[in-house]
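K.L.:
Give me coordinates for this.
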Amino acid sequence: MSRKDKLDARDRLILIRVKIERAKKHLRDLAAEVLSLQHTTILTPDPNTGIAPNPMVLLHPNKFQKVPTLSFEAVAIAGDVVHNLRSALDHLAKQLVLVGVTTAPPVVPLTDKELRQIEFPIAETFAKYETDKARKVKGMTPAAIEAIDKLKPYKGGNDALWRIHELDNIDKHRTLFTVAHDFLFTADWFDGAYLLKADNPHFAGVEPNVERDVQAEIEEAISESEIGQTNALLPSLHQLVDFVESLVLSFKPLLE
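P.N.:
Residues are numbered from 1 along each chain as shown. Below is the predicted model:
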């Protein structure tokens with residue numbers, strides 16, 4: 001079947017949804033990893049056994065800690081979920097620009113450099129959003145820009161958008177996501193386990209209230225997790241996936 005010369009809104013949504021559906025696939029994979037979560041009892045350092053002025057941290061024979069144990073694959077997959085959501089937003093921005101330059105082409109066509117700067121604008125503050133927005137939405141119709149403005153895509157204006165943006169930057173440029181305060185991670189490329197500690201974790205925990213040995217409960221683990229702590233990994237990512245999917249669909253009238 002030959003490709004149509006002109007894309008309609010349905011075509012554009014299909015191209016954007018590729019990234020959303022990929023995020024959903026990663027989320028299912030993450031749920032499978034979480035369903036295999038176990039707990040390991042380990043000896044932990046006791047700082048009180050040191051001798052001043054150069055104390056050594058020793059293992060206290062009666063100091064045990066039961067920590068959740070999970071594959072490093074889980075936090076890597078979580079990063080993939082967030083990255084695909086951020087990419088879906090950027091693909092939406094690019095399609096809005098393509099619509100804009102087609103329906104009301106600028107007097108001077110956008111250069112390759114200008115096209116490379118197109119992205120869905122999300123900023124840390126309202127002031128920075130206003131400063132950076134122009135180059136990121138150049139070529140969009142006024143209606144599309146107004147719709148984005150109404151979303152308040154900056155910290156304190158739209159927490160979901162800011163979180164996607166910030167988490168994506170953390171995973172790409174700074175560090176792996178951290179969950180809870182103490183977590184033991186394993187991988188098939190090194191021996192033993194790695195104790196990852198965080199003073200200010202990105203997520204409160206991961207555990208869904210489901211039976212771990214029932215594969216059919218993966219979808220339940222994603223959608224109906226009952227975790228006492230707020231900001232738990234699996235349900236938080238599920239909420240962000242739903243949010244981005246609804247947001248993209250709301251732009252359908254502006255993709256014609």
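K.L.:
all strands of the stretch 51-200 of the chain, in order?
P.N.:
Applying DSSP state E, counting those that start in this stretch to the stretch 51-200 of the chain gives strands spanning 58-71, 182-186, 194-197.
K.L.:
Spatially, and excluding backbone neighbours, which residue is closest to Glu33.
P.N.:
Ala74 (4.2 Å; Cβ to Cβ, 6 or more residues apart in numbering). Yep, even glycine has a C-beta here, placed from its N, CA and C like the rest.
K.L.:
Where is the longest helix in the protein?
P.N.:
Longest helix of the chain, by residue count under DSSP state H: helix 72-103.
K.L.:
Of the strands of the stretch 51-200 of the chain, which stretch is the most buried?
P.N.:
Of the strands of the stretch 51-200 of the chain, the one with the most neighbours on average (mean count of other Cβ atoms under 10 Å) is strand 182-186, at a mean of 19.
K.L.:
which strands and helices sit next to that strand?
P.N.:
Where contact means 3 or more Cβ pairs under 8 Å, 6 or more residues apart in numbering; DSSP states H and E, strand 182-186 is packed against strand 58-71, helix 72-103, strand 194-197.
K.L.:
how about 10 Å then?
P.N.:
strand 38-46, strand 58-71, helix 72-103, strand 194-197 (3 or more Cβ pairs under 10 Å, 6 or more residues apart in numbering; DSSP states H and E).
K.L.:
Turn those into TSV, columns for distance to Val244.
P.N.:
Output for the helices and strands packed on strand 182-186, formatted as TSV (distance: least, Cβ to Cβ, whole Å):
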stretch	distance to Val244
strand 38-46	32
strand 58-71	25
helix 72-103	5
strand 194-197	28
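K.L.:
can you tell which of these is closest to Ala187?
P.N.:
Comparing the helices and strands packed on strand 182-186 by their distance to Ala187 (Cβ to Cβ), the top pick is helix 72-103, with 4.5 Å.
K.L.:
on contacts alone, who are the packing partners of that closest one?
P.N.:
Against helix 72-103 (3+ Cβ pairs under 10 Å, 6+ apart) you get helix 9-35, helix 112-116, helix 126-136, helix 142-150, helix 159-169, strand 182-186, strand 194-197, helix 233-250.
K.L.:
avg pLDDT for that helix?
P.N.:
Across helix 72-103, pLDDT averages out at 96.
K.L.:
ok so, going back, compare the strands of the stretch 51-200 of the chain and say which comes out lowest on pLDDT.
P.N.:
Among these, strand 58-71 scores lowest, with a mean of 70.
K.L.:
thinking again about what came up before, okay, the helices and strands packed on helix 72-103 in a markdown table with distance to Val67 next?
P.N.:
Output for these, formatted as a markdown table (distance: least, Cβ to Cβ, whole Å):
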| stretch | distance to Val67 |
| --- | --- |
| helix 9-35 | 15 |
| helix 112-116 | 44 |
| helix 126-136 | 39 |
| helix 142-150 | 43 |
| helix 159-169 | 23 |
| strand 182-186 | 5 |
| strand 194-197 | 7 |
| helix 233-250 | 16 |
